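Visitor: 3D model of this:
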Amino acid sequence: MLSWLLTIGCAVVLTVIIRATLLQAYSIPSPSMVPTLDVGDRVLVSRLSRDPARGDIIVFDRPPRDPKQSPDDPDVLIKRVIGLPGETVSSRDGHVFIDGKSLAEPYLSDQSDTFFPSPIHVGPDELLVMGDNRVNSSDGRVFGPIRKESIVGRAIARIWPLGRIGRL
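Guide: Residues are numbered from 1 along each chain as shown. Next comes the predicted model:
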């Protein structure tokens, strides 16, 4: 009996340590990342990855400029990194431009156009993030760049549903 309790206790402690420091699973609550991630998909997030590259999908704390509309709204959001520190991001003819150069975005659906009224400058410790479903995404075009310190981690894999398991 004591050995079972010790085994269960160790498993709980290891789970808490791993979740707090290494990996955590998140559920996708909205269609903002379709077609890459569907509502209800679960992703595994590496909490060690806090300096993402362009194109990475990250989880981050909800920005103050994007307050919750209801208590059910999540405290964290998931979006794709588009603009890096020091860059100016703009749109023209439905396409994203970084410092005047067109950004290839193969992860978008063919019907996805990107529009925002004026260029967005990304500060030294900031990132500009956008959802892949640009029509249904409240993202950096609405709340502006996010602080790097708000990053929870980088999504590294889809772990649910079983038929769609894979790296991101």
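Visitor: use CA for all of it now, contacts and neighbours both
Guide: Will do.
Visitor: Which of the three states applies to W4?
Guide: helix (DSSP: H, G, I helix; E, B strand; the rest coil).
Visitor: I figured I151 was touching F60, is that so?
Guide: Yes: counting by Cα atoms under 8 Å, I151 touches F60, with 4.2 Å between them.
Visitor: so how many other residues sit close to I28?
Guide: If you count neighbours by other Cα atoms under 10 Å, I28 ends up with 18.
Visitor: Next up, the contacts around it.
Guide: By Cα atoms under 8 Å, 6 or more residues apart in numbering, I28 lies in contact with L37, D38, V39, G40, D41, R42, V43, I78.
Visitor: That one and D73, how far apart?
Guide: 12 Å (Cα to Cα, to the nearest Å).
Visitor: so where is this protein shaky, pLDDT-wise?
Guide: 9-11, 13-22 (pLDDT under 70).
Visitor: Can you find which strand in it contains the most residues?
Guide: strand 151-160 (DSSP state E).
Visitor: Counting by contacts, list what the helix or strand that that one is followed by packs against.
Guide: Once strand 151-160 ends, the next helix or strand along the chain (criterion: DSSP states H and E) is strand 166-167. Helices and strands touching strand 166-167, by 3 or more Cα pairs under 8 Å, 6 or more residues apart in numbering; DSSP states H and E, are strand 151-160.
Visitor: switch the cut-off to 10 Å
Guide: The contact analysis (3 or more Cα pairs under 10 Å, 6 or more residues apart in numbering; DSSP states H and E) places strand 166-167 against strand 42-46, strand 151-160.
Visitor: just the helices in the chain please.
Guide: 2-21, 140-143 (DSSP state H).
Visitor: List the buried residues of the last one.
Guide: By neighbour count, with 16 or more other Cα atoms under 10 Å as the criterion, the buried positions of helix 140-143 are G140, R141, F143.
Visitor: cool, stretch 92-104 as well?
Guide: Neighbour count says stretch 92-104 has V96, F97, I98 buried, by 16+ other Cα under 10 Å.
Visitor: now for that stretch, what's the gap between its first and last residues?
Guide: First-to-last residue span, stretch 92-104, Cα to Cα: 13 Å.
Visitor: Over to stretch 71-85?
Guide: 32 Å.
Visitor: and what of stretch 132-151?
Guide: With Cα to Cα, one end of stretch 132-151 sits 18 Å from the other.
Visitor: repeat for stretch 27-39
Guide: 8 Å.
Visitor: cool, stretch 58-78 as well?
Guide: Note: stretch 58-78 ends 6 Å apart using Cα to Cα.
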